[in-house]
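A.B. asks: Requesting a structural model of the entry that follows:
(4 chains)
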There are 2 protein chains.
Amino acid sequence: MTLPLKPIRPKRVSDQVYEQLRELIFRGELKPAEQLMPERELAEAMKVSRTTVRNAINKLVVLGLLEHKQGQGTFVRRQEAGDKNVVAMAMESQGASIQDLLEVRMGLECNAAALAARRADEKDVQFLENSLKEMAHAIRSGQLATQADTSFHMAVAYATKNPLQVYIMRNFYDFLFVGIRESLRQLYEVPGHTDLILEQHTTITEAIRAHDELAALEAMRRHITFVVNFFKNR
Amino acid sequence: MTLPLKPIRPKRVSDQVYEQLRELIFRGELKPAEQLMPERELAEAMKVSRTTVRNAINKLVVLGLLEHKQGQGTFVRRQEAGDKNVVAMAMESQGASIQDLLEVRMGLECNAAALAARRADEKDVQFLENSLKEMAHAIRSGQLATQADTSFHMAVAYATKNPLQVYIMRNFYDFLFVGIRESLRQLYEVPGHTDLILEQHTTITEAIRAHDELAALEAMRRHITFVVNFFKNR
DNA sequence: TTTTCTAAATTGGTATGACCATTTTCGAAA
DNA sequence: TTTCGAAAATGGTCATACCAATTTAGAAAA
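C.D. replies: Numbering: from 1, shown residues only, chains lettered A, B, ... in the order given. I've put the predicted structure just below:
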């Protein structure tokens, strides 16, 4: 007779550091080509040894997320194609269209929004608001808000506290940037569009902050429907 | 005038160790499941520090060639070729749980059910009904209905007419069969469970046949919620 | 002033040595 | 023979020092 005991898995310190750093990169707080803090500073800030920090960084280097340059520092590496990106593979081999992509996103992200509303803490809301500010800034300075867009949706994914959700979402947005960047840009180039999207993002953020699952789901549904309609009329 | 001078690249010591070890593995001198020499011995044998040896080994661990087991040693890992199942990769590398998997499925499949209700033709409904019969047969003959279960959900995916949806769903169910087959079996071993599931599948099929999107979505939601609750109470 | 060179500061890479955490081993005790 | 516990083996972390490559800044030279 086996009792249903949950497995204890004490994580290695270096793995915890690794996860923190990876999160910074995925969330976009550390942008491509940006320099990482020196190892010595990181060690002091996290109250661990430099050895441990180095192990974590090395892991990210091997995975292609970071890049070492002796005498200069460590930098975030923009990951190019050839990453065995699932979405890209499927889109190509299955001959899927942007419409197909958006349909699947509809299911994934609406559910994610509801989960996020259920579990988001102050920190998650903070990240959502940061991406809103980022997009507002992009609007004022007349730049494209694609980066801020990604940050927002990945912040929603993180708020679900579901690693699989994050992983899959990451694949989607990586593809959006390398696969259909040109198509996506047109969405943001229409005057006033970015303002509308910012408004929709804000509504979603409010619902998540209020822990209103249904409202979050509906707001996300309207948001993605808006995008769907844009690509439909072209 | 630039002469074609080849760049001098003084290799890092840890990289040289890495290459030696990798060579041993590739050549088969270190066979799968075999234990590596202890780090301290390797360091002494190669006249380098244990730190350097560890860096090299860690690199091989990240690449999946070696495997660490604290208190036991480091072992050569047999690498399963052509795995690249997204879900399996994510579940392992991100440390996701069955709960996490089901949560993402909730979003994917509820949406899929609605899309299926919108687009399913006679042939799609036929496939759905075939899987129902298959499950009924499994019940009568006292066999496990896991195969019929997969057939049903893949039939829903096909009915969406969305290649990306099919592709991703395929990955999920492939993983269910190789990754958590044992866990999944318990769901079907409880007396009466398979009957309940068949009933739920039937309800979903009816909604899709009637092209009732909302009913299909709700029926799927109840179905997956049922599965979620089963795994929650264990 | 502008250019050039050199020394210092910065930052990743390696070396030691110690100690911690987990697993196995093996001998003593029951 | 079985059971228990201490010791050994082995990977994980820490602290410190020093090496190697690069950048920076200030002095020296033009």
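A.B. asks: what helix or strand does the spatially most central residue of chain A sit in?
C.D. replies: What sits nearest the mean C-alpha location of chain A, by Cα atoms, centre = their mean, is residue A:154, with 2.6 Å. Under the criterion of DSSP states H and E, residue A:154 resides in helix A:146-159.
A.B. asks: ditto for residue A:68
C.D. replies: Assigned by DSSP H and E, residue A:68 falls in strand A:66-69.
A.B. asks: quick check: mean pLDDT across the helix holding residue A:154?
C.D. replies: Averaged over helix A:146-159, pLDDT sits at 92.
A.B. asks: if we can go back for a sec, ok, and does the strand holding residue A:68 reach over to DNA strand C?
C.D. replies: Yes: applying Cβ under 7 Å from any atom of the strand, one finds strand A:66-69 touching DNA strand C at A:68-69. All C-beta spots, glycine's among them, are computed from the backbone N, C-alpha and C.
A.B. asks: close to chain B, is that strand?
C.D. replies: No: using Cβ under 8 Å from any Cβ of the partner chain, strand A:66-69 never reaches chain B; the gap is at least 9.4 Å.
A.B. asks: Any buried residues in that strand, and which?
C.D. replies: A:66-67 (16 or more other Cβ atoms under 10 Å in any protein chain shown).
A.B. asks: and that strand, anywhere near DNA strand D?
C.D. replies: Yes: interface with DNA strand D: strand A:66-69 contributes residue A:69 (Cβ under 7 Å from any atom of the strand).
A.B. asks: now for that strand, which elements pack on it?
C.D. replies: In terms of contacts (3 or more Cβ pairs under 8 Å, 6 or more residues apart in numbering or on different chains; DSSP states H and E), strand A:66-69 is packed against helix A:50-62, strand A:73-76.
A.B. asks: Show me how far it is from its chain's centre.
C.D. replies: Distance of strand A:66-69 from the chain centroid (Cα atoms, centre = their mean, to the nearest Å) equals 22 Å.
A.B. asks: what do you get for stretch A:197-206?
C.D. replies: Distance of stretch A:197-206 from the chain centroid (Cα atoms, centre = their mean) equals 16 Å.
A.B. asks: How about residues contacting it?
C.D. replies: A:113, A:125, A:128-129, A:131-132, A:135-136, A:139, A:145, A:149, A:152, A:156, A:188, A:216, A:219-220, A:222-223, A:226 (Cβ atoms under 8 Å, 6 or more residues apart in numbering or on different chains).
A.B. asks: same thing with stretch A:64-75?
C.D. replies: A:21-22, A:25, A:33-36, A:38-39, A:57, A:60-61, A:76-77, A:79, A:83.
A.B. asks: One more pass at 7 Å, please.
C.D. replies: Contacts to stretch A:64-75, defined as Cβ atoms under 7 Å, 6 or more residues apart in numbering or on different chains, come from residues A:22, A:25, A:33-36, A:38, A:57, A:60-61, A:76-77, A:79.
A.B. asks: sorry, back to before: so which of the helices and strands packed on strand A:66-69 gets nearest residue B:29?
C.D. replies: helix A:50-62 (22.9 Å; Cβ to Cβ).
A.B. asks: So which bits of that closest one are buried?
C.D. replies: Buried, per 16+ other Cβ under 10 Å, within helix A:50-62: A:52-61.
A.B. asks: Same question for stretch A:29-46.
C.D. replies: Under 16+ other Cβ under 10 Å, the buried positions of stretch A:29-46 are A:30, A:36, A:39, A:42-43, A:46.
A.B. asks: restrict the residues you listed to contacts with chain B.
C.D. replies: Subset of those in contact with chain B: empty, counting by Cβ under 7 Å from any Cβ of the partner chain.
A.B. asks: between those residues, which is nearest residue A:196?
C.D. replies: For the buried residues of stretch A:29-46, the nearest to residue A:196 is residue A:30 (29.1 Å; Cβ to Cβ).
A.B. asks: Need the three-state assignment for residue A:205.
C.D. replies: helix (DSSP: H, G, I helix; E, B strand; the rest coil).
A.B. asks: thinking again about what came up before, out of the helices and strands packed on strand A:66-69, nearest to residue A:167?
C.D. replies: Going by Cβ to Cβ, the one of those nearest residue A:167 is helix A:50-62, 15.8 Å.
A.B. asks: just the CA coordinates of that closest one, formatted as CSV?
C.D. replies: The C-alpha trace of helix A:50-62 is given here as CSV (Å, rounded to 0.1, in the frame of the first residue of the first chain):
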residue,chain,number,x,y,z
ARG,A,50,30.1,33.6,-7.1
THR,A,51,30.7,30.0,-7.9
THR,A,52,26.9,29.4,-7.7
VAL,A,53,26.2,32.4,-9.9
ARG,A,54,28.7,31.2,-12.4
ASN,A,55,27.1,27.8,-12.6
ALA,A,56,23.7,29.3,-13.3
ILE,A,57,25.1,31.7,-15.9
ASN,A,58,27.1,28.9,-17.6
LYS,A,59,23.9,26.9,-17.9
LEU,A,60,22.2,29.8,-19.7
VAL,A,61,25.3,30.2,-21.9
VAL,A,62,25.1,26.6,-23.0
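A.B. asks: tilt between that helix and helix B:50-62?
C.D. replies: 40 degrees (axes from the mean of the first three to the mean of the last three Cα atoms, to 10 degrees).
A.B. asks: Point to the helix or strand of chain A where mean pLDDT is at its lowest.
C.D. replies: One helix or strand of chain A scores below all others by mean pLDDT, DSSP states H and E: helix A:86-93, with a mean of 74.
A.B. asks: what are the ranges of the helices in chain A?
C.D. replies: A:13-27, A:39-46, A:50-62, A:86-93, A:98-119, A:122-140, A:146-159, A:163-178, A:181-189, A:193-209, A:213-232 (DSSP state H).
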